[in-house]
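# coordinates only, no sequence provided:
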Ligand SMILES: CC/C=C/CC(=O)SCCNC(=O)CCNC(=O)[C@H](O)C(C)(C)COP(=O)(O)OP(=O)(O)OC[C@H]1O[C@@H](n2cnc3c(N)ncnc32)[C@H](O)[C@@H]1OP(=O)(O)O
């Protein structure tokens, strides 16, 4: 709601809807009533709009977009009402003014902001555009280039930048409300015409058309199939081509297109899913509501390879003092050099970076080969390579050296947390923290609890994720956890498709057109084929430990493709060796070119194994890769490894390049329709009976049998007994 108060000549309208003063229909109604009251009261000479609890407003109530009484058309007329007021209206911006919140402020005649406030039009990130005339007012206020940048990226800008852009008239360090009331009193009686943005012309840019053409190319390139950025662009372009009223009409049309697009629903689902996973729970009853985290005043990272370097960088950026440890001086010096380079780059990206990232101070970041320096740390992250024996040795050492309360984290992408914990005297304090490469960039942190992990340990790891500005997702312990476990059947299908007649570039293209940042073969070349090869050798699937007489294309009675192993045997490890599934310009090169050698190799391989080459269409590529991944997701849910489909979706969006505008794999399955997913899996499974990944999961079958319920009801169809944890 909004609260109206009048003490002096300035009426105060306070937006009130905790926690972020989202603009619900009720808030808008009281805002409108307040404006009308102020207008009708002759003793009121000016109006000040602010938000309750130090936050102006986070914009329209996103949940309201899915309700029948839609918010969509309600806000624009109120912003117009504010602007047309004959009494000056001042916005006092504290905390955040986002989306519809900022549009309300743009309707005001004056804007004053607290120095710590942030502003932005993030609608594009939830699949919409600023539909309350913001695409028409903002360019008139700050010019087309800056407005286009804010509207098409959705970025939040600090008050200091807003002042430079002319978005606010003044910033204050003390009480914003008092300053706004002072300003309101000062401007009483001054002409309002020049303060009404709808009456201003859009500032000219030399060669506007050329500028816009170039901007559109950039927007399209970054959008990768997402509609909203381009429609945001079109709305701003309308501001440059038409009078205000016509621009507003165009904005409304485009807003309606987006509102009814599945993409807006997917992105809004993703917004709430990311928040829902913070409320973690385990099958044993531990949960975020009862577990308290331990403070982490000092941490340690063991291993300064690529992952360790990124983790150290993340911790330094989060201002957590730490010790970085390597096994010998040579590796320590190599690691230190790489970390310093990363930190310098990060500092350059930050305002006042070098001062903020105090990484030259040994009290903040200390490099050592001496385990003894880990005695007093609160948390250790082990990030050595994926070798169970090595990890166990390190954890054994840690449990002897570290203080009793220290949390021991292992950065692993697949290994058994319980087995690692068994090497310690405190399995309740051992937890998996699976970072994604590059660890200082990727937002996902998969947090894996073992059989004995305590709720405090989980809460502390979640708190760490928050401090590192990452999205922590709590999952159970199984091979590959959630992310990689779902990835295995996807990659397996991609390789099987090559055996049957496809090519890496065809498979990658289909998945990149779907919206993945990178297809499975380009990804494999980037990560290095040798990583999976080592793991398969450890599992006895290839290499010297493979029993003699094992059929080339079969393991444990199931279909197996030796193609990646054969490539590795040829020294083709991907980008690092300039050859993998593609050809690269040089070792470490990034430009993938289809490789005639590989095409020839695939033909010979098919001849050798008597495989009839067939044409495989895009639909089959997409369905076999995605539906096998989704199928594994249903198995994971049924086993209680994750507590809901949102967890899987958040993991895929933030760690695996899944296109956010498709809402994550499980949301995508719900939009395709579970009966269709099931029917397709059944069809492919019949054609490939030796591929268990295509056999529909029992949980998927059950959901179809009970009538394809909406995603939020799925978990209610699982019986408690089905959880293996
Ligand atoms: C025609 C009119 C068109 C208008 C278009 C719009 O205005 S669309 C909305 C545009 N605004 C946004 O996209 C802002 C979204 N919110 C945020 O970016 C962040 O929440 C925040 C405001 C920066 C605050 O971040 P913080 O990390 O401090 O808190 P949370 O993200 O956890 O949020 C707290 C709870 O508030 C809920 N919430 C936030 N914003 C909205 C919103 N606009 N509508 C509804 N609910 C919102 C959020 O979901 C959290 O609640 P949970 O119960 O934990 O989910």
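Looks like it arrived, so ask away. Just so you know, these numbers come straight off a predicted model, no measurement behind them. Numbering: from 1, shown residues only.
# you'd agree residue 432 is in a helix?
No - using DSSP: H, G, I helix; E, B strand; the rest coil, the assignment for residue 432 is strand, not a helix.
# does it touch residue 480 like I think?
No - distance between residue 432 and residue 480: 11.4 Å, which falls outside the contact criterion (C-beta atoms under 8 Å). All C-beta atoms are positioned from the backbone trio N, CA, C, and that covers glycine.
# which of the two has more neighbours?
residue 432 (25 against 16; other C-beta atoms under 10 Å).
# chain neighbours aside, what residue packs nearest to the more buried one?
The shortest distance from residue 432 to any non-neighbouring residue, by C-beta to C-beta, 6 or more residues apart in numbering, is to residue 448 (3.1 Å).
# pretty sure that neighbour sits against residue 472.
No - checked against C-beta under 8 Å, the pair residue 448 and residue 472 is beyond contact range at 10.9 Å.
# with neighbour numbers in mind, choose between these two.
Applying other C-beta under 10 Å to residue 448 and residue 472 shows that residue 448 carries more neighbours, namely 28 against 22.
# which phi and psi does residue 657 have?
Dihedral angles of residue 657 (phi, psi; degrees, to the nearest 10) stand at phi 70, psi 20.
# Provide a list of residues in contact with it.
Taking C-beta atoms under 8 Å, 6 or more residues apart in numbering, we find residue 657 in contact with 516-518, 523.
# so what secondary structure elements neighbour the helix or strand hosting residue 653?
Element membership for residue 653, per DSSP states H and E: helix 645-655. Contacts defined by 3 or more C-beta pairs under 8 Å, 6 or more residues apart in numbering; DSSP states H and E place helix 645-655 against helix 262-276, strand 444-449, strand 471-475, helix 483-500, helix 618-638, helix 665-672.
# residue in the stretch 501-650 of the chain nearest to the ligand?
residue 646 (11.1 Å; C-beta to the nearest ligand atom).
# from the ligand, how far off is residue 54?
12 Å (C-beta to the nearest ligand atom, to the nearest Å).
# and if you look at residue 299?
23 Å.
# what number of residues lie near that residue?
Residue 299: 24 neighbours (other C-beta under 10 Å).
# list the contacts for it?
Contacts of residue 299 by C-beta under 8 Å, 6+ apart are 315, 320-323, 377-381.
# most neighbours among those residues, which one is it?
residue 379 leads the contacts of residue 299 on contacts (other C-beta under 10 Å) with 28 neighbours.
# so for the closest residue to residue 75 other than its chain neighbours, what's the pLDDT?
Sequence neighbours aside, residue 132 is the residue nearest to residue 75 in space, at 3.8 Å (criterion: C-beta to C-beta, 6+ apart). The pLDDT attached to residue 132 in the predicted structure is 97.
# got a list of contacts for stretch 360-371?
Residues contacting stretch 360-371 (C-beta under 8 Å, 6+ apart): 312, 316, 319, 321-329, 332, 335-336, 339, 358-359, 373, 397, 401.
# now do the phi/psi pair for residue 642.
According to degrees, to the nearest 10, residue 642 has phi -130, psi 150.
# so that it lines up with my notes, have the first residue be 253 from now on.
In the new count, where the first residue is 253, that last one comes out as residue 894.
# residue 302 in helix, strand or coil?
Per three-state DSSP, residue 302 ends up strand.
# got a list of what it touches?
For residue 302, the contact set (C-beta under 8 Å, 6+ apart) comprises 264-267, 308, 343-346, 428-429, 432.
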